[in-house]
Structure formats: structure tokens, C-alpha cells
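Visitor: could you look at this predicted model? Sequence included:
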Amino acid sequence: MLSCRSKTLVGAGFAAMRNIFLVFLVLIVERAVSAQNTNRVAFYFGAHPDDWQLFMNPNAYQDVQGASNKVVFVYVTAGDAGVGLGNGARSQPYYLARENGAKLSARFMADAAKAPEIPVDSVASVSGHAIRRWLYRNTVSYFMRLPDGSPQGTGYVATAEQSLKRLHEGAIRTMTCIDNSTTYQGWSDLRTTLRKVIDQERGTATNVWVNIPDTNIEKNIGDHADHQHMAQGVLEAIADLRWINKALYLDYVTADMEENMSSVERQIEIGTFAALSMGLTALDHPSPWDRLHRSWLGRHYFRVEPGVGSPAQ
């Protein structure tokens, strides 16, 4: 038989469990309502895991701060620099270190003035392809893990000279992810997959933004071939969705341009990139906090192409 003190403790235990359950229930309801009320979805397409942090911030940060916004980051290549699954004599593969950096940069933004949450890591099936999908608060990240194609788009010997440029131009017929998770049967297959990601994540939202490198190479001088062909693929994928808003960014060329950010914007960009850098060092790879990468900080050059018409048209 339980003593009065024991009964009190048991009752308190049930009350605590009930309160915990109610808290979880409230969180679930709040998330469901938030998902239903999401009408702005912003996509940030990067050929590599550090592209938007260097060239598209603080726009990404401002989108993440909107509580009802959904922000989708799509990393088309693994940014493996030709080593594939290799680690370069390090304890962890390079591509995983870069993914870790991308995740930490998203968490840095999403956790502003909030306690950390537990992310949800899964494998999504998109147009018949298995793609890593990482969910954290109101952000979603897709890691497609295609081989890095080199700045000129010639590919690397260790990854069978595969590149987005060569796939786009028909020099190769297929392109296989570095982890062999899936193979894209030609450019149209990859383009269709990019479109499916957009369709699945935007849902019924009518305020949709696509952020990509500027495809005007007369302005975006000396850009990486992966950046350019990835951006062209996205534009082809949404060609019939004329109502989608587009923001197009200058990349490498900004190193020679004047700094144009406010002090607050610069702090946001620096903090986000610092979080990314810590993600690489945490998995035993050198920090990208070097002179070259820092030359792009504080510079934010882009143009906007507003959508035409409406989704109903």
C-alpha cells in the first residue's frame, strides 16, 4: 500500500507527465498552424554548400527570421573538390564537413534568440531520386551530392570528369552522386528533379522567391561553372511559372567591388559564415576563414526580377 507521501509523489509525477504532454501538444498544433499559414517560401539554390552564405546573405537571414516563412536551401553538388567520398588524410570525408558547415549556418540563423531544437534528418524521394533532406525549424535543406565540376566545368578525374556543365551540354549522358545514392539520366532528369523540389516545398504558397547566381556572365564575370549551369537549370525548371519572383546575385566578381552592407548586415553575414567555418573544423577540415573567402564578405550585389501574373493564371 502506498503511503500518503508516496501517493503525493505519484500524483505529482502524473501531473508533470500531463504538463509535458500538453506542451508537446501545443508545439505540434503551433507547427501545424504555422505550416498552414506559410504563404512565403524562399528557395536558395547553391551549387556548393557555402554559396548562399557568401553571396546571398543577409537576405537568407531575413527570410529565416519570418516566423511563418519557409526557407529551402538546395545544395546541388557536394562541393567535394574532386575527392568524392575521400577525406584527404582527415578523420572525416570532406563533403560531410561541408554539409556540417551548411547545417550550422542554418542553425545559427534559425536559433537567433531561441533555444536549439533537434533537427529531423531523412531521405526524401524526389522524382524517383533519393536526396538527403534536413529539417530545422522553418528551414529545409536538400543535399543532392552531385560531383563538384571544377571552376571551369571540366570535372575531376577521381569523379569520372562529371560536371553540371558537361551534363548540360550533352558531353555526358548521366551524372551519379558521389555516394552512389542516385543517378540522373540526362539534363532533363536533373531539371525535372529541381522542379519537383520546388513544387513539393512551395505547396500552395503564392509568394515564392527563387535565389540563384546571376546568369548574366557579362556582369557576373569569372563565375564558377557549377554556379552558372545550376542557375540555368533552375531557370529552365521554372520557365512556365512566370509569377515566381527571382533574385539573381553576383558571385566571385564582388571581391573587387566596394563593400555595400550596413554594419548590422555585415555582422549577420560574418556570423553566419563563421558558423559555417566552425562546421568544417568540427569534422577535422581546415577553416575556409581565409583571405579569399573574407574578400567576399560585406558585399551584396543582386538584382530582382519580380514575377509576372499570378499562380491562378
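Guide: Received, thanks. Numbering: from 1, shown residues only.
Visitor: for the spatially most central residue of the chain, give me its contacts.
Guide: In the chain, the residue lying closest to the centroid (Cα atoms, centre = their mean) is residue 73, at 2.3 Å. Under the criterion of Cβ atoms under 8 Å, 6 or more residues apart in numbering, the contact list for residue 73 reads 43-44, 46, 52, 60, 102, 106, 139-142. Bear in mind the C-beta positions are built from the backbone N, C-alpha and C, glycine included.
Visitor: from these, which land in helices?
Guide: Using DSSP state H, the subset of the contacts of residue 73 located in helices is 52, 60, 102, 106.
Visitor: which of these sit farthest apart?
Guide: Of all pairs drawn from the ones in helices among the contacts of residue 73, the widest gap by Cβ to Cβ lies between 60 and 102 and measures 11.5 Å.
Visitor: out of the two, which sits in the busier spot?
Guide: Comparing residue 60 with residue 102 by other Cβ atoms under 10 Å, the one with more neighbours is residue 102, at 27 against 24.
Visitor: does the residue nearest to that one when sequence neighbours are not counted count as helix, strand or coil?
Guide: In space, residue 102 comes closest to residue 49 once its chain neighbours are excluded; the distance is 4.0 Å by Cβ to Cβ, 6 or more residues apart in numbering. What DSSP: H, G, I helix; E, B strand; the rest coil gives for residue 49 is coil.
Visitor: what residues are up against residue 49?
Guide: Per Cβ under 8 Å, 6+ apart, neighbours of residue 49: 75, 78-79, 98-99, 101-102, 143, 276.
Visitor: got those residues as a markdown table, with pLDDT and distance to residue 222 columns?
Guide: Shown next, in a markdown table, are the contacts of residue 49 (pLDDT from 0 to 100; distance: Cβ to Cβ, whole Å):
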| residue | pLDDT | distance to residue 222 |
| --- | --- | --- |
| 75 | 99 | 22 |
| 78 | 98 | 22 |
| 79 | 98 | 18 |
| 98 | 98 | 22 |
| 99 | 98 | 26 |
| 101 | 98 | 24 |
| 102 | 98 | 24 |
| 143 | 99 | 26 |
| 276 | 98 | 22 |
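Visitor: so of these, which two are at opposite extremes in space?
Guide: Across the contacts of residue 49, the longest distance by Cβ to Cβ is 15.1 Å; it joins 78 and 276.
Visitor: while we're on residue 28, how confident is the model there?
Guide: Looking at residue 28, its pLDDT is 34.
Visitor: now stretch 221-230: average pLDDT?
Guide: 98.
Visitor: burial count for residue 264?
Guide: With other Cβ under 10 Å as criterion, residue 264 counts 9.
Visitor: name the SS class of it, please.
Guide: Residue 264 ends up helix, using three-state DSSP.
Visitor: okay, and the beta partners of the residue nearest to the centre of the chain?
Guide: residue 44, residue 141 (DSSP bridges).
Visitor: any figure for the gap between it and residue 243?
Guide: Here residue 73 is placed at a distance of 22 Å from residue 243 (Cβ to Cβ, to the nearest Å).
Visitor: give me the common contacts of residue 60 and residue 102.
Guide: With Cβ under 8 Å, 6+ apart as the test, residue 60 and residue 102 both reach 53, 73.
Visitor: show me what counts as buried in stretch 206-220.
Guide: Residues 207-215, 220 are the ones in stretch 206-220 that count as buried (16 or more other Cβ atoms under 10 Å).
Visitor: what sits against residue 41?
Guide: So residue 41 contacts 69-72, 201-203, 205, 207-209 (Cβ under 8 Å, 6+ apart).
Visitor: distance of it from residue 204?
Guide: 10 Å.
Visitor: secondary structure class of residue 130, three-state.
Guide: Put simply, residue 130 is strand when judged by three-state DSSP.
Visitor: ok, it - contacts?
Guide: 123-124, 181-182.
Visitor: tell me the pLDDT at it?
Guide: 98.
Visitor: what is it paired to in the beta sheet?
Guide: Residue 130 has these beta-bridge partners by DSSP bridges: residue 125.
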